[in-house]
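1. Output the structure for:
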Amino acid sequence: MRELAESKQKFNLTLLTVDTHEPEGHLSAQCAQRGYSGFEGVVSCTAAEVADFVRYARDNGYLEDTNIVILGD
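-> Down below sits the predicted model:
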């Protein structure tokens, strides 16, 4: 995101997470290291990582001229 914003050109950044899909999801190594487990942990950790990304964008001033759209299925 930093490089895209620094280019001063319009951009679209799309992130796809599929960790929370049934039947059991996918627990990433980072989430497991942070103590998450099971499908509930997959969902909780994924939500926390999305929140961290939005906080990062806010804290670095990207939201002044950037829209973030979060979709779920």
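2. dump the residue contacts of the spatially most central residue of the chain.
-> By Cα atoms, centre = their mean, the chain has its centre lying nearest to Val50, at 3.1 Å. By Cβ atoms under 8 Å, 6 or more residues apart in numbering, the residues touching Val50 are 17, 70. For the C-beta atoms, the positions are set from N, CA and C on the backbone; glycine is no exception.
3. residue ranges for the helices of this structure, please.
-> For the chain, the helices defined by DSSP state H occupy 2-6, 29-33, 38-59.
4. quick one on the thing from earlier: would you check how far apart the residue nearest to the centre of the chain and Ser7 are?
-> Taking Cβ to Cβ, to the nearest Å as the measure, Val50 falls 24 Å from Ser7.
5. one step back: most packed of the helices of the chain?
-> helix 38-59 (a mean of 14; mean count of other Cβ atoms under 10 Å).
6. tell me the mean pLDDT over that helix?
-> Mean per-residue pLDDT for helix 38-59: 93.
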